[in-house]
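*Asks:* The following block contains a protein sequence and its predicted model.
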Amino acid sequence: DSEIMALFHPLWTTGNYHWYLKQNLTFDSSEGSHHIVSLMWDQETPYRLHILCQQWLYLCYDWQWSIDRSTGGGASDLANVAVIDGDKVLLTAFRHAVVPPPLCTYQLQLPCPVNQVAFCAEPARSGDLAVLDANHRISIYRSGRSSHIVKIGAVGGLNASVPVPWLEKSYRIDIVDDKNGRNPLWLRLLTWLQDDLLLAVSQGHVPGHTVIHHLKLTSVAEEECVDISSHLTMAGDVISLCYNAKTKVVALQLSDGQIMKYHWAETPTVNPWQSSSGSAVRFPSPCMQIALAVLCGEETVFGLTDRCRFFINDTEIASNVTSFAIHDEFLLLTTHLHTCQCVSLKNMSLKALQSGLGTTSAPNSETLRRIERGCRIVTIVPQDTKLVLQVPRGNLETIHHRALVLAQVRKWLDGLQFKEAFECMRKLRINLNLIYDHNPKVFLGNVETFVKQIDLVNSINLFLTELKEEDFTKTMYPPLDPAIACEPHGSDRKKVDLICDSMRAAMENIGASKYCLSILTCHVKKSPPELETALQRIRELRGTLDAEEALKYMLYLVNVNELYDHSLGTYDFDLVIMVAEKSQKDPKEYLPFLNNLKKMESNYQRYSIDKYLKRYPKALYHLSKCGPEHFSEFLNLVVDQNLYKEALKLYRPDSQEYKTVSYAYGEYLMQKHLPEQAGLIFFRCEAFEKALDAFQVSGNWQQALCTAAELCYPEDKLANLARSMAGRFTEKRKYADAAILLEQYAKDYEEAILLLLEGTVWDEALRLIYKYNRSDILETNFKPSLLEAQKNQLMFLETQKASFSRHRKRLSVVRELKQQAQNDLLDFEAPNFLESDLFSDASSMVTASDTSSKYTHSNSRISARSSKNRRKAERKKHSLKEGSPLEDVALLEVLGEIVRIIDGLKGESQNLLKYLVLFGYDGQAQELQQAFDEILQLTEHSILEIWSPGLQQFPANTVRTQFLTLCPILMLLRDSSLLRGSALPPGILRGRDDLWALSGKSRRHSFAHFSQSCWGCQA
């Protein structure tokens, strides 16, 4: 690879215009050692070096890039990253500053070139560093408690002091047990497990075997040395190693991709890594980087090859990953699509993770972020939101991934660290509503803690001004895991009002004077704004600098004209002038107006102000206190603004003003076409003449007669009133009410009987005949009316039957014509389109809407007219004219209307049949019964033929509506039997399947089957 060149023993690489000495191969020059004869880079495999030594010793080295970073998860971890540069280790503490290479926070100088670096895996000692140099010595550097301090600062930024790690001890690795010496870099994959224990691997004496070493740091005879113990030899070449400090598990990767689990705590053993299914885990390809994490409660191995293939256990998840890192519960990846994905591993299954990484666009905007081309992950600052990336040219970029930011903010909020959360959200432009929406109950219970931590008035005001009624955990920032969604606050009050009231109470309790501006913000932010209350607080501060500052601040929050109007609404002219002076208003505009108001009487002054501000209910209240001389003005205001209800509350019911307002209210109700309510109001204010007219218009004859009694009408005048109302009821076909008026108040029972006969109210007419002992009317009027009604109903039923038959036949003809036209169209298309059988039925069906499309377009101009014209156009579209586009739909509507009309005749026919039988007109009754039965049978037998849901050429909603409407109607008609249970002589009117069911037999069984068929078709 052209990035690395071999110059004798050292290996150099370049980055960001700087040459780094990364490795130093030191061969012993003593007699008997293996001297280099030849070396060369591999022509096919990058980073592979071939070395041939004397005595035919062949060495092959493979290198992979790795990042040496601290792995602590606490806030004390400085996110250190170490870079090897010859005899120096360049350390950068990314928690305090992002220093681009080759610069660094500080550097550690060693006596000889460095080959490996390892940070301590214990979280409490994550800043400690172990350095293995070319002379086989391990130097231990401790963080903290150092006398050397590096000060970090930036223009306009925070200054920090970082202690430099100090050298504790340097340990020598004794290799005297090997007579032939050790080859360069014989110890590799150095890992610091515990405070005094390191782990490393070396090549075994037998090819294809690896030796695992435990390096124990000890002091013997005042000499520091490393005790190499627990030599465990295993088959296979170990090419990578990773350690999980939380689970104390070591994973080894062999050159064939197999993963082994190393148990190091007691007796060292190596076993194959097994998945939850019990199968051995093997990467399909060897990975250059591996890591451990818990996924779905199972320890899982993550791996990334040099070909950007990303594996979880033995499953390939993605093939475009360039780098990855595991941070807390998150998996972060960079991809060839120049994106950085951040996926939560909590409650995440392997399939869900695979599908989430396999899509080009993440379903949640939190998980995906665009980055610069070719970026790789360097480190993630623990307990922070910084993600450090390195671009191909070598410089560093810092981003704050939205998923990391929100996760950290939620942790701070759960820990009641409101200040840290607030500062982060403000800096990274996270909406501050999340402070409340994340957990409303916790926030409301710790409002005082929030105020004390934030402390700054401007910051509290910023939080208050950003408040919205929207729940941001459901819209902008939904949690990655829906199971952790917080419950709402459970209050019926609005969110903003609830927060403002809680914040105001807390600030008043802590110190009202200190948080004066924030308290004003709480009043202004509420819905509706409590501007008058805020102005009252400013008035209490009058004469101080705080009042001037508070008023000036209010003008930033509220429009000056609106604030001027609300200050005028306090009736405090000094406050009004103070607000006006802070605004851009011209004194010539408001001073004359204020001076004129000051001259008025107090109540009239407030009335004028309220009327000017259009607060009419308040203006009405103040005007009512101005005395009777202003009552005309009061009444005009009531009429102009329709404040009748409010005005009636301001006077006693026995006062003349109350009656005057009531009279005006009644007139208003009459104009609104509410005569009955108007009559009640007129009656209350003793305007009986108006009440009588209103009751007559509304048709409430009972109240009208009561009102006439209050007017002391004589009998003749009362009779005329009754006749007048009876005439109106007759026009409205309310014969029963008209008959009561004529019989009881006009004393004209004969006219009442005639009206009842005209309205076919047989029961009441017969009662009056026998009451007044006028049996002659039975022969002269009653019986002829019965027979005439029977003839009319017969004629009507015959007409409906004929119409039903005619329309049914025409509907059959129309359907046949449409089916024939449809078949002709299919026959015409068949030779032209050989693959016509591939088209669906829906695409080849000629529907009613298709045939009427031309008609519909021609009426598009009509649809834009008034509703009356639209209804007219609709009726014209559903025309019964032969050949019209929607003739079949119109026929269906007419047939359905006939069935509904027959249903409406049920009660009237039943009553008529009763009296025909009573007076011995059995033949006429049987004739009417038979006609009714025939039309019912006709509709019953035609229902499935007409409204068959299988016919697709009719709109589905029309067929469904006809079914839902007509089936219950026909069921009621068939089951009603009109005179079921009547006490009639046996044998009378026994026709075929009599609808009366006089013989006691029921026809329910026949229609029950029919009803079941109808609803079965619907289903």
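*Replies:* Yes, it's here.

*Asks:* Gly73: what's its closest spatial neighbour, skipping adjacent residues?
*Replies:* Counting by Cβ to Cβ, 6 or more residues apart in numbering, Gly73 lies nearest to Pro382, which is 4.9 Å off, once chain neighbours are set aside. All C-beta spots, glycine's among them, are computed from the backbone N, C-alpha and C.

*Asks:* how many other residues sit next to the one you found?
*Replies:* Residues lying near Pro382 (other Cβ atoms under 10 Å) number 22.

*Asks:* Would you mind giving both backbone torsions of it?
*Replies:* The phi/psi pair for Pro382 (degrees, to the nearest 10) reads phi -70, psi 150.

*Asks:* Pretty sure it sits against Leu78.
*Replies:* No: Pro382 is not in contact with Leu78 according to Cβ atoms under 8 Å; the separation is 9.2 Å.

*Asks:* List the contacts of the residue nearest to Gly73.
*Replies:* Going by Cβ atoms under 8 Å, 6 or more residues apart in numbering, Pro382 touches Gly72, Gly73, Gly74, Ala75, Asp77, Ala79, His327, Asp328.

*Asks:* I'd like the residues you listed written out as CSV, with pLDDT and secondary structure added.
*Replies:* Shown next, in CSV, are the contacts of Pro382 (pLDDT from 0 to 100; DSSP: H, G, I helix; E, B strand; the rest coil):
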residue, pLDDT, secondary structure
Gly72, 84, coil
Gly73, 80, coil
Gly74, 83, coil
Ala75, 81, coil
Asp77, 86, coil
Ala79, 90, coil
His327, 89, strand
Asp328, 85, coil
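
*Asks:* Pull out the buried members of these.
*Replies:* By neighbour count, with 16 or more other Cβ atoms under 10 Å, these hold Gly72, Asp77, Ala79, His327, Asp328 as buried.

*Asks:* And the contacts of Pro382, which is closest to Gly415?
*Replies:* The closest of those to Gly415 turns out to be Ala75 (Cβ to Cβ; 11.4 Å).

*Asks:* Show me the two of the buried ones among the contacts of Pro382 that sit farthest apart.
*Replies:* Between all members of these, the farthest pair (by Cβ to Cβ) comes out as Ala79 and Asp328, at 13.3 Å.

*Asks:* tell me the contacts of Ser202?
*Replies:* By Cβ under 8 Å, 6+ apart, the neighbours of Ser202 are Trp186, Leu187, Arg188, Thr210, Val211, His213.

*Asks:* I'd like to know which of these is nearest to Leu794.
*Replies:* Leu794 has its nearest neighbour among these in Thr210, at 110.5 Å by Cβ to Cβ.

*Asks:* For the stretch 451-600 of the chain, give me the ranges with low pLDDT.
*Replies:* Applying pLDDT under 70 to the stretch 451-600 of the chain flags residues 481-491, 543, 545.

*Asks:* Now do the strands for it: every range, in order, please.
*Replies:* Assigned by DSSP state E, counting those that start in this stretch, the stretch 451-600 of the chain shows no strands.

*Asks:* buried residues in the host helix or strand of Ala925?
*Replies:* For Ala925, the element it lies in under DSSP states H and E is helix 922-946. Using 16+ other Cβ under 10 Å as the burial criterion, the residues of helix 922-946 that qualify are 924-933, 935-936, 938-939, 942-943, 946.

*Asks:* Stretch 513-522 now?
*Replies:* Neighbour-count burial for stretch 513-522, with 16+ other Cβ under 10 Å as criterion, is recorded at Tyr515, Cys516, Leu517, Ser518, Ile519, Leu520, Thr521, Cys522.

*Asks:* Neighbouring strands - and their directions - for the helix or strand containing Ala200?
*Replies:* Under the criterion of DSSP H and E, Ala200 resides in strand 197-203. Applying DSSP bridges, strand 197-203 is found paired with strand 188-194 (antiparallel), strand 209-220 (antiparallel).

*Asks:* Of those strands, which stretch is the most buried?
*Replies:* Stretch with highest mean neighbour count among these: strand 188-194 (a mean of 20; mean count of other Cβ atoms under 10 Å).

*Asks:* and that one, how far out from the chain's middle?
*Replies:* Computed by Cα atoms, centre = their mean, to the nearest Å, the chain-centroid distance of strand 188-194 equals 49 Å.

*Asks:* got the contact list for it?
*Replies:* Contacts of strand 188-194 (Cβ under 8 Å, 6+ apart): 116-122, 128, 130, 132, 198-202, 238, 240-241, 243, 250, 264.

*Asks:* Let's test this: mean pLDDT of it, rounded?
*Replies:* Mean pLDDT, strand 188-194: 90.

*Asks:* For it, list the C-alpha coordinates in PDB.
*Replies:* Taking Å, rounded to 0.1, in the frame of the first residue of the first chain, the C-alpha atoms of strand 188-194 are listed here in PDB:
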ATOM      1  CA  ARG A 188       0.100  -8.200  20.000                       C
ATOM      2  CA  LEU A 189      -3.500  -7.200  20.700                       C
ATOM      3  CA  LEU A 190      -2.500  -5.700  24.100                       C
ATOM      4  CA  THR A 191      -5.600  -5.300  26.300                       C
ATOM      5  CA  TRP A 192      -5.700  -3.900  29.900                       C
ATOM      6  CA  LEU A 193      -8.300  -5.900  31.800                       C
ATOM      7  CA  GLN A 194      -7.700  -4.900  35.400                       C
END
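
*Asks:* Asp716: what's it in contact with?
*Replies:* Counting by Cβ under 8 Å, 6+ apart, there are no residues that Asp716 touches.

*Asks:* Give me the buried positions along the helix or strand hosting it.
*Replies:* Element membership for Asp716, per DSSP H and E: helix 715-731. Using 16+ other Cβ under 10 Å as the test for burial, helix 715-731 gives Leu718, Ala719, Leu721, Ala722, Arg723, Met725, Ala726, Arg728, Phe729, Thr730.

*Asks:* Disregarding flanking residues, what is the spatial nearest neighbour of the fifth one?
*Replies:* Counting by Cβ to Cβ, 6+ apart, Arg723 lies nearest to Ala746, which is 5.2 Å off, once chain neighbours are set aside.

*Asks:* What is the neighbour count of the one you found?
*Replies:* Count around Ala746 with other Cβ under 10 Å applied: 20.

*Asks:* Report the separation between it and Ala752.
*Replies:* From Ala746 over to Ala752 the distance is 8 Å, taken as Cβ to Cβ, to the nearest Å.

*Asks:* Could you do Gln926 as well?
*Replies:* Separation of Gln926 from Ala752 (Cβ to Cβ) stands at 32 Å.

*Asks:* what's the nearest residue to Trp19 if we skip its chain neighbours?
*Replies:* Distance criterion Cβ to Cβ, 6+ apart; nearest residue to Trp19, sequence neighbours excluded, is Trp12 at 5.4 Å.

*Asks:* Using the three-state scheme, assign that neighbour.
*Replies:* Following DSSP: H, G, I helix; E, B strand; the rest coil, the label given to Trp12 is strand.

*Asks:* Run through the bridge partners of it.
*Replies:* Under the criterion DSSP bridges, Trp12 forms beta bridges with Met5, Leu21.

*Asks:* That one is in contact with Leu21, isn't it?
*Replies:* Yes: using Cβ under 8 Å, Trp12 makes contact with Leu21 at a distance of 5.7 Å.

*Asks:* Contacts only, for Ser459.
*Replies:* Each residue near Ser459 by Cβ under 8 Å, 6+ apart is listed here: Phe422, Arg426.

*Asks:* where in the stretch 51-200 of the chain is pLDDT low?
*Replies:* For the stretch 51-200 of the chain (pLDDT under 70), the answer is 146-148, 152-159, 175-182.

*Asks:* And Arg539, how close does it get to Val579?
*Replies:* Taken as Cβ to Cβ, the span from Arg539 to Val579 is 10 Å.

*Asks:* quick one, which of the two is more surrounded?
*Replies:* More crowded of Arg539 and Val579, by other Cβ under 10 Å: Val579, with 25 against 16.

*Asks:* Next up, the contacts around the residue nearest to that one when sequence neighbours are not counted.
*Replies:* In space, and not counting its chain neighbours, Val579 is closest to Ser567: 4.4 Å by Cβ to Cβ, 6+ apart. Contact analysis of Ser567 by Cβ under 8 Å, 6+ apart lists Leu535, Leu575, Val576, Met578, Val579.
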